[in-house]
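S.K.: output the structure for:
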Amino acid sequence: MEVRCSPPSPAFFSPDSGIYHSKHSPVSLPHTDLVSYIFSHAHGGVTALVDARTGSSIAYADLRRMVSSLASGLKRIGITGNDVVLVMLPNSVLFPIIVLGVISAGAVFSSMNPLSSQEEIKKQMKQCRASLIMTASDNVPKVRRLGVRIVAVPDESKFDAGKFALFKNLISTNPDVDAPRSVIRQTDTAAILFSSGTTGASKGVILTHGNLIAAVGLFVRFECSQYDRESWRDVYLAAIPMFHVYGLALFSMGLLSVGSTIVVMRRFDAEEAVRLIDGYKVTHFPVVPPIMASLVRAKRTTGSRLQSLIQVSSGAAPVSQKSVDDFLGAYPHVDFIQGYGLTESAAVGARGFNTLTFRKNKSVGLLAPNMKAKIIDIETGLCLPPGSSGELLLQGPGIMKGYLNDENATSSTIVEDGWLKTGDIAYFDQDGYLYIIDRLKETIKYKGFQISPADLEAIMITHPEVADVAVTSAKNEEAGEVPVAFIVRSSGSNLSAKDVMEFVAKQVAPYKKVRKVVFVNSIPRSAAGKILRRELRGDSTSRM
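M.R.: Numbering: from 1, shown residues only. I've put the predicted structure just below:
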């Protein structure tokens, strides 16, 4: 493991205010737009993005030009600051260019899992009022009848110009240097990402240019500065999805500001990942817990020790201590850390911080620079000191502008003075390290993807033989959590678990499928009619 500086030591908790402060020194963030900020830093990086499948690459010398060309192409076809561009793509070397091109044009970027069903796409389009869809060619038939313009996007940077003529025209547009540049303020919306929030159905998270600059400066650039090596020499393997805030902040934004090389996998395969790590001398691998388990199994089958790896960082979902121990047993030289952030905080929250003699692998780390936190007693609302667990609240420059078209949800999540109620139960230890131990919120985390129980319930209640339904999660060693449906059958029904699972599977993306069905006589509810999911959660695990 590369030597890091010693852990910062300033006092981090104020008993008078109940506020936890970052132990790291504050970071100065500029008043500019996101794309200008990303490209304002000098570095020695040569290769920006590499396609893991073909080996084709995009150089840093070409990256800014491609982003500017796409931005000009989008403006030429009428995309302005009032437009939302919906991007439905798997990982590719073109994904970051599209993200930055859309944002550079002054428009708003919104991402979506490319495996989403037609109904899910229609719902998100309606919520964010997208005027253009950029998606893979095999998705075009799915979105053709949705009433908006479509741009088919190739898999890689070298493509058939005839088959992808519109995209070719967009990305080949010569930037008009004399045209007035779009005036972009830090408070302007840059992205709308969808999250289940602390409760209920999926919501559009409005992230501004200032929020995303915080993601770059406080999450990615700060993390890269903690090792005694130049960041442009680092090689990252991108296997987590770029349409998720975790991958988006890293691979489409932050790492491009420090000059690192990003090797892009379209989809994760353990043995292929091992080959790429050894072949490209990958130094950093951001993962979700299931990938860690796959690498442990791959050690037994391939024998590779992944000697080039310096760091593996896990986020987006909880990881068990056994998984950490198994991983470090297989790869003891790797600096393993966890991190914590939400879509609502632009992925900014806490980050692991180890030295050669000081490791806290179970913790999600220290608060990021410029961030503050509170731990609130769930019953009394009082602030709690180190060692006491309660709901985690965050405050800082990454906190979202709000939920799209949902003032009630916004006001119940962002409370007085801009504090974000995370819905997570946590505590700080005496050294300022944060531990996430449970969740108040109802979101299910399946392999790092967020699943809204309310969305699944809304589908199942439409089945003629379902009288009532509740969805919760059960722990799963491989996936983290899986959706479990508790169903009350209609009178006289012989509905089977298989019937239910197939009914849902036809209407949702694969990761949202119900994995277990439990038939019950009634659903536990509060006096106000709210489903008591916490009562079901223990039952769902015991019945798996």
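
S.K.: so where do the strands sit in the stretch 151-300 of the chain?
M.R.: 189-195, 203-208, 235-238, 261-264, 284-287 (DSSP state E, counting those that start in this stretch).

S.K.: got a list of contacts for stretch 229-236?
M.R.: Residues outside stretch 229-236 that contact it (CB atoms under 8 Å, 6 or more residues apart in numbering) are 2, 43-45, 224-225, 250-251, 255, 258-263, 280-286, 308, 310. No exception for glycine: its C-beta is placed from N, CA and C like everyone else's.

S.K.: of these, just the buried ones, ChimeraX syntax please.
M.R.: The ChimeraX selection below is limited to those of the contacts of stretch 229-236 classed as buried (16 or more other CB atoms under 10 Å):
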select :45,224,250,251,255,258,259,260,261,262,263,280,282,283,284,285,286,308,310
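
S.K.: buried ones in stretch 504-513?
M.R.: Along stretch 504-513, these residues count as buried under the neighbour rule (16+ other CB under 10 Å): 504, 507, 508, 509, 511, 512, 513.

S.K.: surely the second one is in contact with residue 116?
M.R.: Same thing as residue 507. No - contact between residue 507 and residue 116 fails when scored by CB atoms under 8 Å: they sit 10.6 Å apart.

S.K.: now do the contacts for residue 94.
M.R.: Residues near residue 94 by CB under 8 Å, 6+ apart: 153, 154, 156, 157.

S.K.: looking at these, which are in helices?
M.R.: Among those, no residue falls in helices (DSSP state H).

S.K.: which single one of these is nearest to residue 146?
M.R.: residue 153 (16.4 Å; CB to CB).

S.K.: tell me the pLDDT of residue 317.
M.R.: Per-residue confidence (pLDDT) for residue 317: 74.

S.K.: any chance of TSV for the strands of the stretch 151-300 of the chain, columns distance to residue 126 and mean pLDDT?
M.R.: Below are the strands of the stretch 151-300 of the chain laid out as TSV (distance: least, CB to CB, whole Å; pLDDT from 0 to 100):
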stretch	distance to residue 126	mean pLDDT
strand 189-195	12	93
strand 203-208	11	95
strand 235-238	31	97
strand 261-264	31	98
strand 284-287	32	94
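
S.K.: can you redo the ones you listed as a markdown table with distance to residue 459?
M.R.: Below are those laid out as a markdown table (distance: least, CB to CB, whole Å):
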| stretch | distance to residue 459 |
| --- | --- |
| strand 189-195 | 17 |
| strand 203-208 | 18 |
| strand 235-238 | 32 |
| strand 261-264 | 33 |
| strand 284-287 | 30 |
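
S.K.: out of those strands, flag the one nearest residue 99.
M.R.: strand 189-195 (8.2 Å).

S.K.: quick one: residue 488 and residue 520, what's the gap?
M.R.: 6 Å (CB to CB, to the nearest Å).

S.K.: sorry, back to before: the contacts of residue 94: which two are farthest apart?
M.R.: Spanning the widest gap among these are 153 and 157, at 11.1 Å by CB to CB.

S.K.: of the two, which one has the most company?
M.R.: More crowded of residue 153 and residue 157, by other CB atoms under 10 Å: residue 153, with 26 against 18.

S.K.: I figured the more buried one hits residue 136, correct?
M.R.: Yes - between residue 153 and residue 136 there is a contact under CB under 8 Å: 6.1 Å.

S.K.: anything in contact with each of these two?
M.R.: Residues touching both residue 153 and residue 136 (CB under 8 Å, 6+ apart): residue 89.
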